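[1] Pasting the sequence and the predicted model now:
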Amino acid sequence: MPDPKPERPDVNDYLECSDIIDFDHPLVEEASEQLTSGLRDTLSKVQAIYDFVTEQIFHSFQINATSVTLKASEVLDKGHGICYAKAHLFAALARASGIPAGLCYQIKYDEELEKLVVHGFNAVYLRELSRWLRLDASKHLDEADTRLDPLKEAPLLAVNKQLGEHDDPTIYVAPSRRIIKALNASETVDELRALLPSKI
């Protein structure tokens, strides 16, 4: 797997607030403060945020949610989102805590849909180690090994080239426009399933 490549050289760019990664929203600000209160090092804060997103925020498809979430604050308010939306929330919570965080993508084969689709997850910058760590908080707690290793990516991020899967090593500051378009165009998760992009 190639090393992650930041889209921008300045890690402070990965602290930007936006309409989607809206960590200036009171809900996100409060959650970030509660999750990281008393924690000093970056990895401990990342672990706390990761645990929250994996354990407390459900994947929309897994719970047959009727609504589609996009903004970080919406995901937090509704308690669910698909991989992209959960990644938006994770990035917002991390950035609110002063941790540079970006968006990452892979092309993965979806067995249920029987096609290749874009999968979204995150990367965070660990200042103490001067390195980026890619991680996937889209799975629920009982589906993932939730202890983060700062020197090793989660096995969930492996790709199967025989299925046509491939990795995009870029760490983006902002979400993919194709993904935003698909989420905005869908009123229900059933509609969203048909609109999931196959290209980043």
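    Structure's in. What do you need? Please read all numbers here as calculations on a predicted model, not as lab measurements. Numbering: from 1, shown residues only.

[2] Let me see the backbone angles for the spatially closest residue to residue 166 that is not a sequence neighbour.
    Spatial nearest neighbour of residue 166, excluding adjacent residues (Cβ to Cβ, 6 or more residues apart in numbering): residue 107 at 5.2 Å. For glycine as for every other residue, the C-beta is placed from the backbone atoms N, C-alpha and C. For residue 107, the backbone dihedrals (degrees, to the nearest 10) come out as phi -100, psi 120.

[3] which ones are touching residue 107?
    Applying Cβ atoms under 8 Å, 6 or more residues apart in numbering to residue 107 gives the contacts 116-119, 159, 164-168, 198-200.

[4] For the protein, which segments count as strands?
    5-6, 58-59, 80-81, 101-110, 115-126, 131-135, 166-172 (DSSP state E).

[5] how about the residue most central in space within the chain, what does it touch?
    Central residue of the chain (Cα atoms, centre = their mean): residue 87, 1.8 Å from the mean position. Shown in contact with residue 87 (Cβ under 8 Å, 6+ apart): 103, 104, 120, 121, 122, 137, 138, 175.

[6] do the same with residue 59
    80, 81, 82, 83, 86, 138, 139, 140 are the contacts of residue 59 under Cβ under 8 Å, 6+ apart.

[7] Which of the residues you listed ranks first by neighbour count?
    Taking other Cβ atoms under 10 Å as the neighbour criterion, residue 81 ranks highest of those with 29 neighbours.

[8] any idea how far residue 57 is from that one?
    As judged by Cβ to Cβ, to the nearest Å, residue 81 and residue 57 stand 6 Å apart.

[9] List the residues that are in contact with both of the two.
    Common neighbours of residue 81 and residue 57 (Cβ under 8 Å, 6+ apart) are 75, 89.

[10] Closest one of the contacts of residue 107 to residue 66?
    Closest to residue 66 out of the contacts of residue 107 is residue 117 (20.8 Å), distances taken as Cβ to Cβ.

[11] what's the burial count for that closest one?
    18.

[12] tally of neighbours for the residue lying closest to it once chain neighbours are set aside?
    Counting by Cβ to Cβ, 6+ apart, residue 117 lies nearest to residue 196, which is 4.4 Å off, once chain neighbours are set aside. By the criterion of other Cβ under 10 Å, residue 196 has 21 neighbours.
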